[in-house]
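Peer 1: Give me the fold of what follows.
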Amino acid sequence: MKKLSFYNRTSILLFSFLLTGVVGVLMMGYNLWKAGRRNIIIPMMLIIIVVYTLIGSGLKAHRHQQWSLNKTVGWDKDLANFSSWIVPTYQFFLTNLVIGLLLIFPVWNIELSYFPKQETKKPWIPLIITLILYGSLLLSLLEN
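Peer 2: Numbers count the residues shown, from 1 in each chain. Alright, predicted model coming up:
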């Protein structure tokens, strides 16, 4: 029997944390697709998106402020107003961490525990995408 190649738990958690929980869902969806559990992918995505929205909305202390990616990741040039971007950054990464943990523990244990022996798929493509996204954000901030 051929071993399946999955993204490992660490990769899913790391990319969920750094980007968004949606990236972790996509990586877990790839694993489920390879495992032949295709009927689980869409419901899992919908459930995670709903949980992501509920957690994110529950953490929002400043609902009246417009969301800004620069403030969310903490790259706002206005360092004098530190408190205006530390709270959204905390909310962003805490929500991503919770989603990543949900993916690597309950979802993995329920859906992929049937495959104890698998090869680890190298996360080069998600890593390159992450570097491009964060690099382009940094470059756009430096140009302004």
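Peer 1: lowest-confidence helix or strand of the protein?
Peer 2: Every helix and strand in the chain was compared by mean pLDDT, DSSP states H and E; the lowest is helix 69-72, with a mean of 55.
Peer 1: secondary structure element for the spatially most central residue of the chain?
Peer 2: Closest to where the C-alpha atoms of the chain average out (Cα atoms, centre = their mean) is Ser16, at 2.1 Å. Per DSSP states H and E: Ser16 is located in helix 9-18.
Peer 1: Name the next helix or strand downstream of that helix, please.
Peer 2: Following helix 9-18 in sequence, per DSSP H and E, is helix 21-34.
Peer 1: So for that next one, what gets flagged as buried?
Peer 2: Residues of helix 21-34 classed as buried by neighbour count (16 or more other Cβ atoms under 10 Å): 21-32, 34. From N, CA and C alone the C-beta is placed, and that goes for glycine too.
Peer 1: and those as a markdown table, adding distance to Thr53 and pLDDT?
Peer 2: A markdown table is the format used below for those (distance: Cβ to Cβ, whole Å; pLDDT from 0 to 100):
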| residue | distance to Thr53 | pLDDT |
| --- | --- | --- |
| Gly21 | 10 | 85 |
| Val22 | 11 | 84 |
| Val23 | 16 | 87 |
| Gly24 | 15 | 91 |
| Val25 | 13 | 91 |
| Leu26 | 17 | 89 |
| Met27 | 20 | 92 |
| Met28 | 18 | 94 |
| Gly29 | 18 | 93 |
| Tyr30 | 23 | 93 |
| Asn31 | 23 | 94 |
| Leu32 | 22 | 94 |
| Lys34 | 28 | 92 |
